[in-house]
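Trainee: take this sequence and fold it.
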Amino acid sequence: MLLAVDIGNTKIKAAVFEETALLVRFSFSPDEAAEKLEEIFYSYPSVSHSVLSVVGKEQHSLLSVLKERTVVTEINRDIAFPFTNKYATPHTLGIDRMVLAAGAVLQHPGHNLLVIDAGTCITYDFITAAGEYLGGAISPGLQLRYNAMHTFTAKLPLLYPEMPESYVGDSTNASLHAGAVYGLLFEIDGFIGAYKEQYQQLTVILTGGDADFLAKRLKSTIFANSNFLLESLNKLYIYKNHK
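Mentor: As a prediction, the model looks like this:
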């Protein structure tokens with residue numbers, strides 16, 4: 001069995017895989033990492049290997065536990081990826097974006113691909129049907145938009161994502177919800193539309209913590225999968241070890 005671990009900006013996510021099948025998924029804070037890993041290994045003693053990607057701060061205690069209990073594969077820019085990286089500054093490209101791009105290419109070879117990760121930030125990553133990663137965009141995530149409006153104004157309250165009844169807000173709270181939620185939905189649909197104008201055959205994958213909240217409200221046809229990063233880690237591990 002394989003344990004896939006993603007250290008994000010705010011949460012650590014993990015999943016146990018039996019070959020390509022995701023058996024169970026976990027999400028926990030960095031402070032809980034060592035304890036949660038011990039619980040995972042107790043419940044799944046057959047886990048012998050792990051694959052790790054780090055976007056947030058390196059968690060030394062977590063890595064120490066992984067090395068004690070498994071053979072660790074840490075995903076970094078030095079390994080072979082199943083695409084050609086055309087990013088102008090490849091050394092600044094986030095490992096999470098590279099893993100998502102790899103997972104998309106391995107799952108949908110020969111397609112034009114747009115991967116949208118709706119997490120703390122929204123990332124857009126585009127890979128051509130020829131397997132060339134060209135780049136994309138980064139914008140504030142849903143909760144980040146609420147936080148920014150509260151933090152950088154004198155009187156606007158701090159709210160949490162809630163689907164507004166209309167894009168015409170009839171109160172301050174309703175206006176904040178309309179601006180944050182519809183603003184993001186219009187942004188995502190706009191990006192998808194712009195890509196489709198240039199690339200007619202386009203496969204769009206939406207993932208991240210807000211994927212389920214956003215997916216059913218988008219006009220565009222997408223594949224929504226909140227576990228896509230963990231699944232991509234598993235796919236990349238298999239690709240790396242079975243080339």
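Trainee: tell me the phi and psi of residue 7?
Mentor: Residue 7 has phi and psi values of phi -90, psi 100 when expressed as degrees, to the nearest 10.
Trainee: state the pLDDT value of it.
Mentor: If you check residue 7, the pLDDT there is 88.
Trainee: excluding chain neighbours, what is closest to it?
Mentor: For residue 7, ignoring the flanking residues on the chain, the nearest one in space by C-beta to C-beta, 6 or more residues apart in numbering is residue 54 at 4.5 Å. C-beta here means a position set from N, CA and C on the backbone, and glycine is covered the same way.
Trainee: do residue 47 as well
Mentor: If you skip the residues right next to it in sequence, residue 47 has residue 1 as its closest partner in space, 4.4 Å away by C-beta to C-beta, 6+ apart.
Trainee: likewise residue 90?
Mentor: Excluding its sequence neighbours, the residue lying closest to residue 90 (C-beta to C-beta, 6+ apart) is residue 77, at 7.1 Å.
Trainee: what about that neighbour, distance to residue 19?
Mentor: 26 Å (C-beta to C-beta, to the nearest Å).
Trainee: of the two, which one has the most company?
Mentor: residue 77 (11 against 8; other C-beta atoms under 10 Å).
Trainee: correct me, but that one touches residue 95?
Mentor: Yes. The pair residue 77 and residue 95 qualifies as a contact (C-beta atoms under 8 Å) at a distance of 7.4 Å.
Trainee: distance between the ends of stretch 1-18?
Mentor: For stretch 1-18, the first-to-last residue distance is 5 Å (C-alpha to C-alpha, to the nearest Å).
Trainee: next one: it to chain centre, how far?
Mentor: Its chain's average C-alpha position is 12 Å from that of stretch 1-18, according to C-alpha atoms, centre = their mean, to the nearest Å.
Trainee: could you list the buried residues of it?
Mentor: By neighbour count with 16 or more other C-beta atoms under 10 Å, stretch 1-18 contains the buried residues 2-8, 11-17.
Trainee: how about stretch 110-121?
Mentor: Residues of stretch 110-121 classed as buried by neighbour count (16+ other C-beta under 10 Å): 111-120.
Trainee: can you list those residues in a markdown table and add secondary structure?
Mentor: Conversion of these to a markdown table gives the following (DSSP: H, G, I helix; E, B strand; the rest coil):
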| residue | secondary structure |
| --- | --- |
| 111 | coil |
| 112 | strand |
| 113 | strand |
| 114 | strand |
| 115 | strand |
| 116 | strand |
| 117 | strand |
| 118 | strand |
| 119 | coil |
| 120 | coil |
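Trainee: how far does the helix or strand of the chain with the lowest mean pLDDT sit from its chain's centre?
Mentor: Least confident helix or strand of the chain, by mean pLDDT, DSSP states H and E, is helix 60-69 with a mean of 85. Here helix 60-69 is found 23 Å from its chain centre; the criterion is C-alpha atoms, centre = their mean.
Trainee: in that helix, which residues are buried?
Mentor: The neighbour-count criterion (16+ other C-beta under 10 Å) identifies 62-63, 65-66, 69 as the buried residues of helix 60-69.
Trainee: picking up where we left off before, quick check: the farthest pair among the buried residues of stretch 1-18?
Mentor: Greatest spatial distance among those (C-beta to C-beta): 2 and 11, at 20.1 Å.
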